[in-house]
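*Asks:* what shape does this take:
(one chain, ligands or ions: 1)
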Amino acid sequence: MTIKKICCIGAGYVGGPTCSVIALKCPEIIVTVVDKCKERIAQWNSDRLPIYEPGLDDVVEKCRGKNLFFSTDIERAIEEADLIFISVNTPTKTFGHGNGKAADLKYVESAARMIAQIATSNKIVVEKSTVPVRAAESIMNILNANHKPGVEYQILSNPEFLAEGTAINDLINADRVLIGGANTPGGQSAIEELCQVYEHWIPRKNILTTNTWSSELSKLAANAFLAQKISSINALSAICEATGADISEVAVAVGMDKRIGKEFLQASVGFGGSCFKKDILNLVYISECLNLPAVAAYWQQVIDMNEYQKTRFSAGVIESLFNTVTDKKITILGFAFKKNTGDTRESPAIHVAKTLLDEGAILHIYDPKVEESQIIEDLSMDHVPDLKHKVKIYPDAYSATKNTHAIVLCTEWDEFMQLDYERIYSEMTKPAYIFDGRKILQHDRLQKIGFIVQTIGKKLTRSAISRSWGSQSQI
Ligand code: NAI
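*Replies:* The predicted structure follows:
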């Protein structure tokens with residue numbers, strides 16, 4: 001079989017960009033991305049795509065209506081496809097067994113059941129979603145139990161390594177593509193079919209083929225390693241603040257060792273995004289189920305350190321503002337979990353904003369790409385009924401900072417580095433504070449303007465007021 005038609009179930013942050021790039025690179029393959037959410041599909045078919053991702057609009061514009069389609073007709077797309085990606089969400093379970101840790105596979109299972117119900121010809125079913133090790137076995141069980149005569153399935157694992165904000169570049173210039181499958185003639189030939197799709201643009205040497213379980217585990221492992229690097233540098237940032245070492249200098253010195261590498265060594269308010277926390281929790285849960293408590297505790301600590309960092313940063317803001325923020329106006333610059341995305345899932349800004357709201361602050365929020373409705377939804381808390389009076393969303397950084405006491409920078413958007421901070425300072429309440437949770441601003445310059453500046457992993461000693469976080473001394 002040569003793949004002529006691909007269906008992708010799930011038109012989200014992964015399914016949309018991945019299939020757009022496949023369509024771009026494989027003009028002879030018809031790619032249909034389906035979703036049960038009508039609004040999402042309508043947005044994919046409009047000029048305003050449901051997700052912001054640099055370069056995505058161009059790719060969609062080139063392919064949509066030619067060999068790339070977005071549809072709610074799931075049945076038809078499954079029926080016609082030779083290969084089906086399952087790219088649905090796999091959130092952390094919020095109930096029952098494994099509550100708060102295990103991956104909730106209900107969407108994967110429902111996709112598998114739909115395939116079993118609809119398919120009347122052979123299909124290669126590809127797990128693109130991040131799943132626990134041996135999830136492919138469950139999918140196979142569902143498909144086999146609902147087997148129609150003459151229909152054969154092959155299940156592959158093909159986890160996605162793209163990062164939001166750089167998804168198109170990550171897909172086009174992937175470090176590697178990983179494909180896991182069964183060590184049977186059918187499994188191997190399915191791997192070969194999928195390899196041929198990727199070989200349209202990825203050199204063969206960068207396409208790794210493994211057994212299914214290695215592939216599933218590698219995705220969890222890769223995210224765990226990445227998050228562990230961030231938690232490690234964040235842990236060291238606390239030591240820097242207490243000792244006078246500078247975490248940026250430490251990061252350069254450590255990162256120049258090729259065995260460690262310089263990427264992902266930027267100390268910050270903490271990592272966010274839909275994947276790191278959920279995937280590590282999943283790894284912790286798997287380790288516990290396998291009766292490996294030491295392994296579970298090891299990875300749990302990566303998440304605990306991230307929570308500690310977010311809490312430490314928020315506490316530092318409050319402490320610096322004379323230990324009270326009640327009725328103080330505070331600007332939150334950036335709400336997305338990182339730059340170049342509008343995604344707020346697990347954004348550290350949510351943690352910081354909620355802590356400040358709890359303490360009675362009034363928040364002025366600006367983010368270049370996050371919708372107002374999303375921010376309000378993320379900050380909704382039962383005990384803060386008058387949220388609309390406590391949170392105001394602004395269309396730019398200047399109006400958001402006017403007449404506020406402090407700026408808390410939560411997302412590393414490039415535009416925050418280019419702002420006219422003289423102008424901002426002149427329009428803020430004095431003393432004016434900046435808390436740089438991403439270490440992207442020029443702290444010396446800001447201090448010269450008059451700001452009291454605090455950042456992560458460096459004790460900035462200019463005035464009596466600025467002091468290291470965690471210190472209990474009062475001014
Ligand atoms: P998402 O939430 O943006 O998209 C999932 C989509 O699947 C939603 O639009 C939902 O309506 C749809 N869906 C769920 N069940 C369905 C069904 N039965 N039929 C049709 N549509 C259905 O999720 P996202 O971020 O794209 O993640 C998908 C998977 O990829 C997850 O397992 C995630 O862990 C993994 N992943 C995510 C990355 C990211 O950066 N967001 C990166 C790499 C992997």
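
*Asks:* CA atoms for contacts and neighbours, from now on please.
*Replies:* Noted.

*Asks:* list of residues touching stretch 181-201?
*Replies:* When contacts are defined by Cα atoms under 8 Å, 6 or more residues apart in numbering, stretch 181-201 is touched by residues 1-3, 22, 25-26, 124, 154-157, 172, 177, 179-180, 204, 207, 209-212.

*Asks:* and if you look at stretch 394-414?
*Replies:* Counting by Cα under 8 Å, 6+ apart, stretch 394-414 makes contact with 269, 328-340, 348-349, 364-368, 393, 419, 424, 427-438, 440, all of which sit outside it.

*Asks:* any of those buried? List them.
*Replies:* In terms of neighbour count (16 or more other Cα atoms under 10 Å), the buried residues within the contacts of stretch 394-414 are 269, 328-340, 348-349, 364-368, 393, 424, 427-429, 432-438, 440.

*Asks:* now go through the contacts of stretch 394-414 and say which are in strands.
*Replies:* Restricting the contacts of stretch 394-414 to those inside strands, with DSSP state E as the criterion, leaves 329-333, 364-366, 393, 433-436.

*Asks:* the residue in the stretch 201-350 of the chain that the ligand sits nearest to: neighbour count?
*Replies:* Nearest residue of the stretch 201-350 of the chain to the ligand (Cα to the nearest ligand atom) works out as residue 275 at 5.3 Å. Using other Cα atoms under 10 Å as the criterion, residue 275 is surrounded by 20 other residues.

*Asks:* please enumerate the strands of the stretch 51-200 of the chain.
*Replies:* Chain-ordered strands for the stretch 51-200 of the chain, with DSSP state E, counting those that start in this stretch as the definition, fall at 68-71, 83-86, 123-127, 153-157, 177-181.

*Asks:* and the fourth one, what other elements does it pack with?
*Replies:* Spelled out, that is strand 153-157. Contact analysis of strand 153-157 by 3 or more Cα pairs under 8 Å, 6 or more residues apart in numbering; DSSP states H and E lists strand 123-127, helix 135-145, strand 177-181, helix 185-198, helix 212-243 as its packing neighbours.

*Asks:* is it positioned near the ligand?
*Replies:* No. When contact is scored as Cα under 6 Å from any ligand atom, no part of strand 153-157 falls within range of the ligand; the minimum is 11.9 Å.

*Asks:* repeat for stretch 34-49
*Replies:* Yes. Using Cα under 6 Å from any ligand atom, stretch 34-49 reaches the ligand at 35-37.

*Asks:* which residue packs closest to residue 455, ignoring adjacent ones?
*Replies:* When the adjacent residues along the chain are set aside, residue 455 lies closest to residue 436, with 4.8 Å between them (Cα to Cα, 6 or more residues apart in numbering).

*Asks:* using CSV, write out every CA atom in the worst-scoring helix or strand of the chain on mean pLDDT.
*Replies:* None of the helices or strands of the chain scores lower by mean pLDDT, DSSP states H and E than helix 387-390, at a mean of 91. Taking Å, rounded to 0.1, in the frame of the first residue of the first chain, the C-alpha atoms of helix 387-390 are listed here in CSV:
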residue,chain,number,x,y,z
LEU,A,387,-13.4,39.2,38.8
LYS,A,388,-14.4,41.8,36.1
HIS,A,389,-13.7,44.5,38.6
LYS,A,390,-10.4,43.0,39.8
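
*Asks:* helices or strands up against it?
*Replies:* Using 3+ Cα pairs under 8 Å, 6+ apart, helix 387-390 sits against strand 362-366, helix 372-379.

*Asks:* done for today, thanks.
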